[in-house]
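Novice: this is the structure alone, sequence omitted:
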């Protein structure tokens, strides 16, 4: 009997921790290969800091080949050109083909900047979705502060990630105040969300009140249920949309610096594969993170198809946070281990959410268990302690990745955060 071969497609947060957990759980029961487009892991939550030079990209970089070699995991950074589920193989960009017994798709998303004319790093706005884009944003910000003008931050129609937009708006506010030029920079938050603090989750705790209050205190105006139609060199064109889809107001907002999070879609290697992905290219999975049409294929993270929490005037996607991604990786590990041992999969991911949103000098933390309401835990808190916690979280998680540690982390963090908050309340 040959040793089963597991391919993990992607080496971001989800793919890296999935590979670590699979290696730890299966020992020598399986061969594991990770396919990535880069030799390096980047700690994406720190990208907003990179964009204002509070971090250099190298500080949040982990070189993966020696770690995977030490763990006995094969690795290639050739990248996947196309997955062929019927043949159970992955075609690489360099022409090589790798067969698999089990495939774990953890590619993350493709960023759909091209869906809006003039949008994105190749257009007139910057991005913090990838570290190399955040580095470019830092260069643009260096030029901007020499000639301060209005700023627009937010998330466009179809986006499914909102926390970093709020973070970056507040971090910019903090940095501009430190430079003593905040008074020269009107700021507007533009978002597809139906209300401030929706976050793609219909709010968590009082995120609506917390974030509205924070933006009022920092003199940041906002436009919700917003659809960006196009972006020119210095002007963003926006429609406000009511229930039913009618446009109630249009805006031509001038700006000197703008960052809006894009909509996501599936990556080209899997896009359009009938039965595997939905029309947007996200992988269809059952409660065991397993594709119903291709039972040897599992998926986790941002590439997974999750329906929205409910109808909104402008399309709003559901975020896949680290807590959810980690629980998906653990469930997949247990289920592949069960299949290798001849048993049916039974493990289910918890799909909880935890977020530490840093605002430069304070922040907001929230926990949603489960992520989609109604919830057993629906908690949010604000304070300077969140800024400190985010810095500690960055250091801890990078150390975990560098050591190749597979122990789940987010659930422990959630319990500690709630415990700390209760201690503060009772003090």
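Specialist: Cool, the structure landed. Quantities reported herein were computed from a predicted structural model and do not represent experimental measurements.
Novice: for residue 302, what are its contacts?
Specialist: Listed by Cβ atoms under 8 Å, 6 or more residues apart in numbering, the contact partners of residue 302 are 14, 108, 109, 160, 161, 264, 320, 325. Where C-beta positions appear, they are placed from N, C-alpha and C, glycine not excepted.
Novice: check what pLDDT it gets.
Specialist: With respect to pLDDT, residue 302 has a value of 96.
Novice: again, but for the one 10 residues further on
Specialist: The confidence metric pLDDT takes the value 97 at residue 312.
Novice: what about the closest residue in space to it that isn't next to it in sequence, neighbour count?
Specialist: Leaving aside its sequence neighbours, residue 312 sits nearest to residue 194 (Cβ to Cβ, 6 or more residues apart in numbering; 4.8 Å). Close neighbours of residue 194, defined as other Cβ atoms under 10 Å, add up to 17.
Novice: next: residue 254.
Specialist: With other Cβ under 10 Å as criterion, residue 254 counts 13.
Novice: thinking it is in contact with residue 151, fair?
Specialist: No - in this structure, residue 254 is not within contact of residue 151 by Cβ atoms under 8 Å, at 10.4 Å.
Novice: out of the contacts of residue 302, which one sits closest to residue 53?
Specialist: residue 161 (22.6 Å; Cβ to Cβ).
Novice: surely residue 351 touches residue 373?
Specialist: No - Residue 351 is beyond contact range of residue 373, at 11.9 Å (criterion: Cβ under 8 Å).
Novice: the two: who's more crowded?
Specialist: residue 351 (22 against 13).
Novice: need the three-state assignment for the more buried one.
Specialist: coil (DSSP: H, G, I helix; E, B strand; the rest coil).
Novice: can you list the buried residues in stretch 175-190?
Specialist: Judged by neighbour count using 16 or more other Cβ atoms under 10 Å, the buried positions of stretch 175-190 are 175, 176, 182, 185, 186, 187, 188, 189, 190.
Novice: let me see the mean pLDDT of it.
Specialist: 98.
Novice: and if you look at stretch 10-26?
Specialist: Mean predicted confidence for stretch 10-26 is 97.
Novice: also stretch 68-86?
Specialist: Mean predicted lDDT for stretch 68-86 stands at 98.
Novice: how long is it from one end to the other?
Specialist: 28 Å (Cα to Cα, to the nearest Å).
Novice: coming back round to it: among the buried residues of stretch 175-190, name the ones in strands.
Specialist: With strands defined by DSSP state E, the entries of the buried residues of stretch 175-190 inside them are 187, 188, 189, 190.
Novice: same list (the residues you listed) but as a markdown table, adding distance to residue 221.
Specialist: Formatted as a markdown table, those follow (distance: Cβ to Cβ, whole Å):
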| residue | distance to residue 221 |
| --- | --- |
| 187 | 7 |
| 188 | 5 |
| 189 | 7 |
| 190 | 9 |
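Novice: closest to residue 242 out of the residues you listed?
Specialist: The closest of those, once distances to residue 242 are taken by Cβ to Cβ, is residue 190, at 16.4 Å.
Novice: okay, and which of the contacts of residue 302 map to helices?
Specialist: Residues of these located in helices (DSSP state H): 14, 325.
Novice: pLDDT check: weakest of the contacts of residue 302?
Specialist: residue 320 (89).
Novice: now that one. Nearest residue, chain neighbours left out?
Specialist: Looking at residue 320 with Cβ to Cβ, 6+ apart, the closest residue is residue 302, at 4.9 Å.
Novice: so where's this structure uncertain?
Specialist: Low-confidence regions of the chain, defined by pLDDT under 70, span residues 1, 410-427.
Novice: quick one, domains of it?
Specialist: For the chain, automatic domain parsing gives the domain ranges 5-110+265-349, 113-264.
Novice: residue 380: which of the ones you listed is closest?
Specialist: If you check each of the domains of the chain against residue 380 by Cβ to Cβ, domain 113-264 wins as the nearest, at 3.1 Å.
Novice: give me the distance from that closest one to the chain's centre.
Specialist: How far domain 113-264 lies from its chain's middle: 17 Å, per Cα atoms, centre = their mean, to the nearest Å.
Novice: one more: stretch 13-30?
Specialist: 21 Å.
Novice: buried stuff in it?
Specialist: For stretch 13-30, the neighbour count (16+ other Cβ under 10 Å) marks 13-23, 25-26, 30 as buried.
Novice: so which of those are in helices?
Specialist: Using DSSP H, the buried residues of stretch 13-30 in helices are 13-23, 25-26.
Novice: turn the residues you listed into TSV, columns for distance to residue 202.
Specialist: Below are these laid out as TSV (distance: Cβ to Cβ, whole Å):
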residue	distance to residue 202
13	24
14	24
15	29
16	30
17	28
18	28
19	33
20	33
21	31
22	34
23	37
25	35
26	38
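Novice: closest to residue 279 among those residues?
Specialist: Distances from residue 279 to these, taken by Cβ to Cβ, are shortest for residue 14, at 22.3 Å.
Novice: for the closest one, give its distance to residue 180.
Specialist: To residue 180, residue 14 is 41 Å away according to Cβ to Cβ, to the nearest Å.
Novice: before we move on, what about residue 235?
Specialist: Going from residue 235 to residue 180 by Cβ to Cβ gives 27 Å.
Novice: and the contacts of stretch 82-93?
Specialist: 7, 9, 35, 37, 76, 78-81, 97-101, 103, 105, 268-270, 273, 275-276, 293-294, 296-297.
Novice: quick one, which of the residues you listed are buried?
Specialist: By neighbour count, with 16+ other Cβ under 10 Å, the contacts of stretch 82-93 hold 7, 9, 35, 76, 79-80, 98, 100-101, 103, 105, 269-270, 273, 276, 294, 296-297 as buried.
Novice: bridging residues for the closest residue in space to residue 280 that isn't next to it in sequence?
Specialist: Leaving aside its sequence neighbours, residue 280 sits nearest to residue 265 (Cβ to Cβ, 6+ apart; 5.2 Å). Counting by DSSP bridges, residue 265 is bridged to residue 110.
Novice: ok, now which ones touch residue 265?
Specialist: For residue 265, the contact set (Cβ under 8 Å, 6+ apart) comprises 109, 110, 112, 271, 280, 281, 282.
Novice: same deal with residue 137?
Specialist: Residue 137 neighbours (Cβ under 8 Å, 6+ apart): 50, 51, 126, 127, 128, 259.
Novice: restricted to strands, list these.
Specialist: Taking DSSP E, the ones among the contacts of residue 137 that sit in strands are residue 259.
Novice: all strands for the stretch 51-200 of the chain, in order.
Specialist: Along the stretch 51-200 of the chain, counting by DSSP state E, counting those that start in this stretch, strands occupy 61-63, 74-76, 80-84, 89-92, 97-99, 102-105, 110-111, 151-155, 187-191.
Novice: surely residue 357 meets residue 364?
Specialist: Yes - the pair residue 357 / residue 364 is scored as a contact, 4.7 Å apart, by Cβ under 8 Å.
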